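# Build the 3D model from these lines:
(one chain, ligands or ions: 1)
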Amino acid sequence: MDYKNTVEFQNAKFGMFIHWGLYAVPAGRWKGKSMDYVGEWIQSKFRIPNSEYAELAKQFNPDCFNADEWVKCAKNAGMAYIVFTAKHHDGFAMYHSRVSRFNVVDATPWGRDVLRELAYACRRHGMKLGIYYSHCLDWRESDAGDPGSDSRKNFGMSWGNDWDFPDHANKNFNAYFHRKALPQIRELLTEYGPVFLLWFDCPVQITLEQATELRDLVHELQPDCLIGNRIGHDLGDFGCLGDNQSPAGRSKIPLESANTINHTWGYKKDDHCWAGAAKIINDLLACSEKNVNYLLNVGPRADGRLPEASIDILEEIADWREQNKVIIQGIEGNPFPQAFPWGYCTVKGRILQFFVTGNQRSISISGLRSRIKPCNMPFSQEGKKLCIELPEERKDNLPLVIQLECMDEPEFEAYPSPQDGVLMLSPAQGEIIAGNSAEEWDIDVKLEPDGERMRAEDSCRLAVSGALTQWHHQGDGICWDIAINEAGTYEFRLLTENRKHSAAWTGARTVRIEFAGQVLERELENDEVISSSYYHKSASVIGSMKLNGTERGRLHVLNCSIESPEAIDMNLTAVKICRQEGVLQL
Ligand code: GLC
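Numbers count the residues shown, from 1 in each chain. As a prediction, the model looks like this:
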């Protein structure tokens, strides 16, 4: 069913995640020890008994809290929605709940309903309000989600509270679910006005029946409220990528990527790893051009203020947006059949926006059939090729913004072709090839990372992120119809990502590339590390081909064999084909 907010969600593009709760009081330090994981996990990290954790409520007195300031900060940065943690895994409600007295009004000396103040501020500033609610984990409750000591831990920490409530056999999740989770969801959807979306998290243990009951309750109370896919059992209205995961291709479904601004969600005193504004803008654009919303987290301090570094970053984004009149809401992803090596592209009606992240002095764009209206940027247009001269001096390291208006509805070539000598192909725009799934497959796979199941007999497919995944049979792969329009020697690289968080893929696999009657084959290695945080990304060179510039045809990338099982974790995020300078000898 299409709920009203789906369109608003897809138009929104940029939102603010706010993780605020009692964990902001210890702020990542407990009894002299600093923690290495995300701050809102402090109770599980140090196995803090509920009786001691509840003492934090007595210290919670955020006299600097001002909901309008938070909302204005988000709005100026170009954000269209906020997602606020009404209850995190610690079970503490940041609103006035009648279901449990463990809430910000009844249990703190401060006694104000944060969610209510935020809801009013959002209404005043035309900001949509979404609510995060941890529906399975609740460390305060003896019956809440706990997959037990046999299951995989979360970076060494227990998912459920097994320090206060070690009697795993007698936990009755269904009782918790009906006693606390569902009644609190009812409160949130009946007492705080229209809720834009509900952001559930960590669907450990929930059954299909329970998740369905929850979904039906939400849609009964607020039919327009969207449900995030971490509800479990794929019952959500919009997809959630992994934490800090960027998409690999244009998404056809409503999708969002949630990101930290440093290395934590909840405030941590000792985390000074702030992403710069340039990195945030870059990631926002990388999402926007793939039709994916970018949700950026801030973790307010215990006194109610946003950390100064977060404010500075958001203000820098606001200045960049205002000075360049950047259009964020309502834009659509890159309409060309390939990505650009120098940055990003979006479109809204007749307006094309190009964002240049490098230091180029000029860029050329081929494949645009429509004429461009004169503008204050020097450009030339011959046939389907558009060349733009860029200013020599750039004031900062933030992306340069070029807005061009087409004479009429813009039209584009269908065949991907190199742009400034580089062709970037996304699996989301290719055609998937199912290989020999009947083949004997003797690699032992026990992979079940966050809800994604993989079985030996499954064929390759696109992951939600748009990457090619599960290409483990011989002949599994992908193809594109491409056009090479300049003679030269072209190098072929595969860009890959580990499908699991926080590690690089290892192992060995051999891949074959076929194009224009030529074949390249190589065992892949992590030749170049592109990013080593969260989802590790790397590039592997496969080899080079001499092409005469008139080729138009099918490019195949195929799995030949997997030599060791770890290589299964490798997703293909892009193919990059680069013309080599100065080596043209045909
Ligand atoms: C993870 C963390 C959780 C955080 C969430 C945000 O699920 O466990 O603490 O709120 O990511 O995406």
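
# Asp283: which element?
Using DSSP states H and E, Asp283 sits in helix 277-288.

# Tell me which other helices or strands that helix touches.
strand 255-259, strand 292-298, helix 308-323, strand 343-348 (3 or more Cβ pairs under 8 Å, 6 or more residues apart in numbering; DSSP states H and E). For every residue, glycine as well, the C-beta is placed using N, CA and C.

# List of residues touching the longest one?
This points to helix 308-323. Here helix 308-323 makes contact (Cβ atoms under 8 Å, 6 or more residues apart in numbering) with 73-74, 76-78, 261-262, 272, 274-277, 280-281, 298-299, 306, 326, 328, 396, 398-399.

# Just the buried residues out of those, in PyMOL syntax.
Entered in PyMOL, the line below selects the buried ones among those, by 16 or more other Cβ atoms under 10 Å:
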select buried, resi 73+74+77+78+261+262+274+275+277+280+281+298+299+306+326+328+398+399
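
# Now do the strands in the stretch 351-500 of the chain.
351-356, 362-366, 379-382, 385-389, 400-405, 422-425, 431-433, 461-462, 468-469, 477-483, 488-498 (DSSP state E, counting those that start in this stretch).

# closest one to the ligand among those strands?
strand 488-498 (17.6 Å; Cβ to the nearest ligand atom).

# Restricting to C-alpha, output the closest one in PDB.
Provided in PDB are the C-alpha atoms of strand 488-498 (Å, rounded to 0.1, in the frame of the first residue of the first chain):
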ATOM      1  CA  GLY A 488      42.900   4.300 -25.900                       C
ATOM      2  CA  THR A 489      44.100   1.800 -23.400                       C
ATOM      3  CA  TYR A 490      41.500   1.300 -20.700                       C
ATOM      4  CA  GLU A 491      42.200  -0.100 -17.200                       C
ATOM      5  CA  PHE A 492      39.400  -2.100 -15.600                       C
ATOM      6  CA  ARG A 493      38.900  -2.000 -11.800                       C
ATOM      7  CA  LEU A 494      36.300  -3.600  -9.600                       C
ATOM      8  CA  LEU A 495      35.200  -1.600  -6.500                       C
ATOM      9  CA  THR A 496      34.200  -3.800  -3.700                       C
ATOM     10  CA  GLU A 497      32.800  -3.600  -0.200                       C
ATOM     11  CA  ASN A 498      32.700  -6.100   2.600                       C
END
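
# Direction included, what does it pair up with?
The pairing partners recorded for strand 488-498 under DSSP bridges are strand 537-547 (antiparallel), strand 570-579 (antiparallel).

# Quick check: next helix or strand after the first one?
Elements were assigned by DSSP H and E; along the chain past strand 537-547, the next helix or strand is strand 552-562.

# Other residues contacting that next one?
Counting by Cβ under 8 Å, 6+ apart, 415, 425, 433, 435, 443, 460, 471-484, 494, 507-516, 521, 568, 572, 575 sit against strand 552-562.

# Flag every buried residue along it.
555-560, 562.

# Quick one: distance of that strand to the chain centre.
28 Å (Cα atoms, centre = their mean, to the nearest Å).

# Need the strands of the stretch 351-500 of the chain in a markdown table (columns: mean neighbour count).
Output for the strands of the stretch 351-500 of the chain, formatted as a markdown table (neighbours: other Cβ atoms under 10 Å):
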| stretch | mean neighbour count |
| --- | --- |
| strand 351-356 | 21 |
| strand 362-366 | 18 |
| strand 379-382 | 12 |
| strand 385-389 | 16 |
| strand 400-405 | 18 |
| strand 422-425 | 20 |
| strand 431-433 | 15 |
| strand 461-462 | 17 |
| strand 468-469 | 28 |
| strand 477-483 | 21 |
| strand 488-498 | 22 |
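
# Compare those and report which one is nearest to Ile253.
The closest of the strands of the stretch 351-500 of the chain to Ile253 is strand 461-462. By Cβ to Cβ, the value is 10.9 Å.

# per-residue confidence averaged over the closest one?
Averaged across strand 461-462, pLDDT comes to 92.

# What is it packed up against?
strand 468-469.

# packing partners for the strand it packs on?
Contacts defined by 3+ Cβ pairs under 8 Å, 6+ apart place strand 468-469 against strand 461-462, strand 570-579.

# on that earlier part again, columns distance to Leu129 and mean pLDDT on top of the helices and strands packed on helix 277-288, output as TSV?
Putting the helices and strands packed on helix 277-288 into TSV (distance: least, Cβ to Cβ, whole Å; pLDDT from 0 to 100) gives the following:
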stretch	distance to Leu129	mean pLDDT
strand 255-259	15	98
strand 292-298	13	98
helix 308-323	18	98
strand 343-348	25	98
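
# May I ask which helix or strand of the protein has the lowest mean pLDDT?
Of all helical and strand segments in the chain, the minimum by mean pLDDT, DSSP states H and E falls on strand 528-531, at a mean of 82.

# What pairs with that strand, parallel or antiparallel?
strand 537-547 (antiparallel).

# Need the contact partners of the strand it pairs with.
484, 487-497, 504-505, 511, 513, 515-516, 518, 520-522, 524-531, 573, 576, 580, 585-586.

# I'd like to know which of those are buried.
Looks like the contacts of strand 537-547 have 484, 488-497, 504-505, 511, 513, 515-516, 520, 522, 524, 526, 573, 576 buried, using 16+ other Cβ under 10 Å.

# Where does the prediction get shaky in the stretch 251-400 of the chain?
Low-confidence segments of the stretch 251-400 of the chain (pLDDT under 70): none present.

# what residues does it put near the ligand?
258, 265 (Cβ under 6 Å from any ligand atom).

# got it, and the stretch 1-150 of the chain?
So the stretch 1-150 of the chain meets the ligand at 38, 40-41 (Cβ under 6 Å from any ligand atom).

# Same list (those) but as JSON lines, adding secondary structure.
Below are these laid out as JSON lines (DSSP: H, G, I helix; E, B strand; the rest coil):
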{"residue": "Val38", "secondary structure": "coil"}
{"residue": "Glu40", "secondary structure": "helix"}
{"residue": "Trp41", "secondary structure": "helix"}
